[in-house]
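S.K.: Here is my input, please return the structure:
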Amino acid sequence: MNVIIDTNVVLDVLANRIPFAKASAEAIALAEQNGCLLAITANAVTDLYFLLLRHLSDVVRAKTLLKGAVERIVVLDTTREICLSAFKSPISDFEDAVLVESALRWGADCIVTRNTRDFAASPVEAITPDELLHRFAN
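M.R.: Okay, the predicted model is just below:
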């Protein structure tokens, strides 16, 4: 199973954002244990660094946390073609449209996000970390 992780879920884990961190971390760990390939987009890496640095105010810690995550998961290229396709997407948020286009090209089975409503028009199913946990529990 190919699972693309939205920036908000990764940030929940890396920044230990309460109350979301526990479910997000458990979902990621359980997906890995069940042999899923996990991915984020290349543009998410820079976004995550910016957000972590703002949250932690510590360059070394932000880089260390993010490097650990990047070493464990697939980083999908954000290409010109993906961006051009995202401009045509019915998804109004451009960052989300890029994520969906990346998910399509990678063959993702789902997108794990806390904002499933933002992905209502997505051809790739969007689920919450809790929903991913539930799937593996059954």
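S.K.: Please count neighbours and contacts with C-alpha atoms only from this point.
M.R.: Fine.
S.K.: now stretch 103-112, how far from the chain's geometric center?
M.R.: 10 Å (Cα atoms, centre = their mean, to the nearest Å).
S.K.: Now do that stretch, average pLDDT.
M.R.: The pLDDT scores in stretch 103-112 average 98.
S.K.: Can you give me the buried ones in it?
M.R.: Buried residues in stretch 103-112, defined by neighbour count with 16 or more other Cα atoms under 10 Å: 103-104, 108-112.
S.K.: so what pLDDT did the residue nearest to Leu133 when sequence neighbours are not counted get?
M.R.: Closest residue to Leu133 apart from its sequence neighbours, by Cα to Cα, 6 or more residues apart in numbering: Ala27 at 5.3 Å. We have a pLDDT of 95 for Ala27.
S.K.: show me the contacts for Ala27.
M.R.: With Cα atoms under 8 Å, 6 or more residues apart in numbering as the criterion, the residues that contact Ala27 are 129-130, 132-133.
S.K.: List the residues that contact Leu48.
M.R.: Contacts of Leu48 by Cα under 8 Å, 6+ apart are 7, 10-11, 66.
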